[in-house]
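Asks: How does the following fold in three dimensions:
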Amino acid sequence: MSSAQHSATFERLVQPHLDRLYRLAWRLTGSKAEAEDLFQELLIKAYQKLDDLVEIDEPGSWLSRVMYNLFIDEQRRFARRRMHLVEEGQLAGDGLQGFAGDERDNPATGNERLERLRRLDAALGQLSDEHRIVVLLHDTEGYKLVEIEELTGVPVGTVKSRLHRARTRLREILVADGTIS
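Replies: Presented below is the predicted three-dimensional model:
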């Protein structure tokens, strides 16, 4: 296969999944810079594995699984090398900034929505990684339980349990801070 054919095949297989994959990267990492790095790392890995990708019936699921594994690998590397000079949560992140819509339409509504999103983002940050990831994948990105099982390697029953516990904990946090009643 020529280089041009190789590139065209890659684009045909990956293009339909780019938006969802980038959102997944953002949801996993919580910051634009880290999401872009993870996304780029995925594309490099996928391009290197194009022969495998061509044989797969569901390239979107395969790509999501590879991204999740890259994320977990990076988290493990980071945990091994992290210096504990700053407490967790003291570093500012991008969070959900930018997802509040266009505040020019109605500044009061935009500011109110942005504040709710900030509170939700803070509440999500209080969940364990396992709970946060399953809520984001299922409730935010719309992955089905079976897809989450394929993505994470965690059995569906455990995914259901984590999702239930995560939602319960989120509700507790949001009630405590007055976001919901």
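
Asks: residue nearest the centroid of this protein?
Replies: Nearest residue to the geometric centre of the chain (C-alpha atoms, centre = their mean): Arg27, 2.5 Å.

Asks: any idea how far that residue lies from Asp129?
Replies: Going from Arg27 to Asp129 by C-beta to C-beta, to the nearest Å gives 12 Å. All C-beta spots, glycine's among them, are computed from the backbone N, C-alpha and C.

Asks: Could you do Arg76 as well?
Replies: Separation of Arg76 from Asp129 (C-beta to C-beta): 11 Å.

Asks: and if you look at Leu151?
Replies: With distances taken as C-beta to C-beta, Leu151 is found 14 Å from Asp129.

Asks: Those two: who's more crowded?
Replies: A direct count of neighbours by other C-beta atoms under 10 Å for Leu151 and Asp129 places Leu151 higher, at 22 against 10.

Asks: Which secondary structure element is home to that one?
Replies: Element membership for Leu151, per DSSP states H and E: helix 145-152.

Asks: Could I get the buried residue list for that helix?
Replies: Leu145, Glu147, Ile148, Glu149, Glu150, Leu151, Thr152 (16 or more other C-beta atoms under 10 Å).

Asks: Could you single out the nearest of the residues you listed to Ile44?
Replies: Closest approach to Ile44 among those (C-beta to C-beta): Leu151, at 19.6 Å.
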